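K.L.:
could you look at this predicted model? Sequence included:
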Amino acid sequence: MRDLTDLGLAAIRDGVAGGDFTATEVAGAFNAAVAEANPALNAFIVTTPDHALAAAARVDAARAAGQPLGPLAGVPIGMKDLFATQGVQTTAASHILEGFIPPYESTVSQKLWDAGAGMLGKLNLDQFAMGSSNETSAFGNVISPWRAEGETAMRAPGGSSGGSSAAVAARIVAAATGTDTGGSIRQPAAFTGIAGIKPTYGRCSRWGIVAFASSLDQAGPMARDVTDCAIMLEAMAGFDPKDSTSLDLPVPAWSAGLTDDLRGLKVGIPREYRIDGLNADVAKSWDDGIAWLKDAGASVVDISLPHTRYALPTYYIIAPAEASSNLARYDGVRYGLRDLPDHAGLQDMYAATRAAGFGAEVKRRIMIGTYVLSAGFYDAYYTQAQKVRTLIARDFDAAFGEVDVILTPTAPSAAFVLGQKSDDPLEMYLNDVFSVPASLAGLPAMSVPAGLDRSGLPLGLHLIGRAFDEQGVLNAGLAIERRAGFAARPGRWW
Amino acid sequence: MSVAPADVAKIAMLARIKVTEAEIAAMVPELNGILAWVEQLGEVDVSGVEPMTAVIANSLRLRADVVGADPLTGGNIRDKVLANAPAPEHGFFGVPKVIE
């Protein structure tokens, strides 16, 4: 019998609906794959095989009874441990939330269960989604299933959705949820040779997602291909009255609208993204992408996004500022860790709890955020950053007057070796140089696999669309996917 | 602008994070590195530019003022609210004594 874990989301859904195999068989195959791989990859913080089996049993029973099946019926997925899941520990990969059992379900995860998906477990991530390599998790590094040719050095799966990217790439989940604040879906997708899309800000409800930087946080799917992303995003998106920034718009039928016929489409190539010293393999893959989109019928236009170089410093003011405010809730009183030294008062308890519970990168960002919001510095840093953010968004507005979609590399390099950048916060931050601008402007953006670099590691291409135009992004992604013919998989060493 | 050890101690106090002298010493160059890097925003001409308040135009909605409109998060669920508290007492969140 073939290995069911070779199948992606659409193939599983269709196979279950068509009676080729049962949802229970699928869940069993993936549960076994998780049990086998997780000790090596550390992609999951907790596994939930019973959740996957129970969801599968419901799907099999519904099919036997002739009832209609949901759009994700029988598909076992991984859930980033930033989504609150009722009755299942939710930690944001931080000790401060270790043992926290939500009494409620996040809107996005509930929508996925309602669509017939089952949960294989809670996926590891950078602590509070702050990181680009999954090295800030309190539950240990995630190890990428990818290795450079002829090497055994452990590589980063990207971050912050590093458990998600590693699990999808290792074929131990059919797909996974991610969240993206400055690139946390797209950069890990690029590092691991998978597809991932961050939709327009407000498409997916933030309710029940542990907050990092609320004006930037967006959930999205990470899957093996563009079609699977489109199907899963349809299930995740939609208006939610419980999120004040949720978009009250119908969810388009993105998967039905997929086409790689790009005739008439104009693709912008922003000259500011051709940074000094751009990695030669990344530059080559960008050129390949341009040729593929032309082959699909698109015309290519050079554009300018003049404030690009200010996007990262803008982000590293705004995101920490919002984080310092959001993370004020972790006080040792209502949930999570409490550290109460002998004879300590309330203020000492707060400070001790937060010192013991937060990791170094989280503390660093809270400190930066506290500083830029503090009296005397607010205007110089925070207000200035919000003004530059306006200019960055205007750059995109102007560009989208000329073009329909923008093509860039996803990340400045392929996956680096674990530990290589963890000593220098600034060097780590530069990983998000291509992904952060779209986040600051709230635009839909996705990464698709484009090929391998000279050492055999995946590279991604990045598509940015107009607000609400996920379809344009997905279609251009599909055109690249079909022409890149990316079929490489990590060799199985675990 | 740059920070000295006393500034870092003050920021840590404002952020309610206990730090040791050694941690402060390590944080000073790190924070100064990041601050020096974000300082480049000062060179951008922002005259006449409004700060961003919402990336996607949206209007705030009001919900009906009904207790328990969402049964999962509404009223009368004290025990569920307290279930994750590290030190609940007599149906309340327990905290160290704050009034002498």
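P.N.:
Happy to help now that I have it.
K.L.:
okay, CA-based contacts and neighbour counts for the rest of this
P.N.:
Noted.
K.L.:
need the contact partners of the longest helix along chain B.
P.N.:
Assignment by DSSP state H gives helix B:21-38 as the longest helix of chain B. Contact partners of helix B:21-38, identified using Cα atoms under 8 Å, 6 or more residues apart in numbering or on different chains, comprise A:313-314, A:316-317, A:364, A:368, A:425-426, B:1-5, B:8-9.
K.L.:
most neighbours of all those residues, which one?
P.N.:
A:Ile368 (28 neighbours; other Cα atoms under 10 Å in any protein chain shown).
K.L.:
quick check: pLDDT value at that residue.
P.N.:
Listed pLDDT for A:Ile368 reads 97.
K.L.:
hmm, it is touching A:Pro320, no?
P.N.:
Yes - contact criterion Cα atoms under 8 Å: A:Ile368 and A:Pro320 qualify, at 6.2 Å.
K.L.:
which residues touch stretch B:69-78?
P.N.:
A:103-104, B:67-68, B:91.
K.L.:
just how off-centre is that stretch within its chain?
P.N.:
25 Å (Cα atoms, centre = their mean, to the nearest Å).
K.L.:
for it, C-alpha coordinates in PDB please.
P.N.:
Output of stretch B:69-78 as PDB, limited to C-alpha atoms (Å, rounded to 0.1, in the frame of the first residue of the first chain):
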ATOM      1  CA  ALA B  69     -23.700  36.600  24.500                       C
ATOM      2  CA  ASP B  70     -20.800  34.100  23.900                       C
ATOM      3  CA  PRO B  71     -21.500  31.300  26.300                       C
ATOM      4  CA  LEU B  72     -17.800  30.300  26.200                       C
ATOM      5  CA  THR B  73     -16.400  33.600  27.300                       C
ATOM      6  CA  GLY B  74     -19.500  35.300  28.800                       C
ATOM      7  CA  GLY B  75     -20.600  35.700  32.400                       C
ATOM      8  CA  ASN B  76     -21.100  33.200  35.200                       C
ATOM      9  CA  ILE B  77     -18.000  31.200  34.400                       C
ATOM     10  CA  ARG B  78     -15.900  32.100  37.400                       C
END
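K.L.:
now the strands for the chain?
P.N.:
As the question left the chain open, I've gone with chain A. Remark: strands assigned in chain A by DSSP state E are A:44-47, A:76-80, A:118-123, A:175-180, A:195-198, A:218-223, A:266-270, A:299-303, A:405-409, A:445-452, A:458-465.
K.L.:
correction: the question concerned chain B.
P.N.:
B:88-89, B:92-93.
K.L.:
can you redo those strands as TSV with mean pLDDT?
P.N.:
Converted to TSV, those look like this (pLDDT from 0 to 100):
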stretch	mean pLDDT
strand B:88-89	96
strand B:92-93	96
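K.L.:
among the ones you listed, which comes closest to chain A?
P.N.:
Checking these against chain A by Cα to the nearest Cα gives strand B:92-93 as the closest, at 6.4 Å.
K.L.:
list the buried residues of the longest helix of chain B.
P.N.:
By neighbour count with 16 or more other Cα atoms under 10 Å in any protein chain shown, helix B:21-38 contains the buried residues B:24, B:27-28, B:30-35, B:38.
K.L.:
once you drop chain neighbours, what's closest to residue 51?
P.N.:
Let's take chain A. Spatial nearest neighbour of A:His51, chain neighbours left out: A:Met119 (5.6 Å); criterion: Cα to Cα, 6 or more residues apart in numbering or on different chains.
K.L.:
sorry, I should have been clearer: chain B.
P.N.:
A:Lys387 (4.0 Å).
K.L.:
now do the contacts for that neighbour.
P.N.:
Going by Cα under 8 Å, 6+ apart, A:Lys387 touches B:46, B:49-52.
K.L.:
so which of those comes closest to chain A?
P.N.:
Nearest to chain A among those, counting by Cα to the nearest Cα, is B:Pro51 at 4.0 Å.
K.L.:
could you measure from that closest one over to A:Ala115?
P.N.:
From B:Pro51 over to A:Ala115 the distance is 40 Å, taken as Cα to Cα, to the nearest Å.
K.L.:
what about those two, which has more around it?
P.N.:
Shown here are B:Pro51 and A:Ala115; by other Cα under 10 Å, A:Ala115 has more neighbours (20 against 17).
K.L.:
now for the residue nearest to that one when sequence neighbours are not counted: which residues touch it?
P.N.:
Distance criterion Cα to Cα, 6+ apart; nearest residue to A:Ala115, sequence neighbours excluded, is A:Gly70 at 4.5 Å. Listed by Cα under 8 Å, 6+ apart, the contact partners of A:Gly70 are A:114-116.
K.L.:
dump these to CSV, plus pLDDT.
P.N.:
Below are these laid out as CSV (pLDDT from 0 to 100):
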residue, pLDDT
A:Asp114, 98
A:Ala115, 98
A:Gly116, 98
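K.L.:
can you tell me which of those residues is nearest chain B?
P.N.:
For the contacts of A:Gly70, the nearest to chain B is A:Asp114 (16.7 Å; Cα to the nearest Cα).
K.L.:
so, if you compare the contacts of A:Lys387, which one comes nearest to A:Thr181?
P.N.:
Comparing the contacts of A:Lys387 against A:Thr181 with Cα to Cα picks out B:Met52 as the nearest, at 16.4 Å.
K.L.:
and the residue nearest to A:Ala115, what's its pLDDT?
P.N.:
A:Gly70 carries a pLDDT score of 98 in this model.
K.L.:
hang on, isn't A:Arg439 packed against A:Ser215?
P.N.:
Wrong residue type there; residue A:439 is Ser, not Arg. No - look at A:Ser439 against A:Ser215 with Cα under 8 Å: they stay out of range, at 9.2 Å.
K.L.:
perfect, that will be all.
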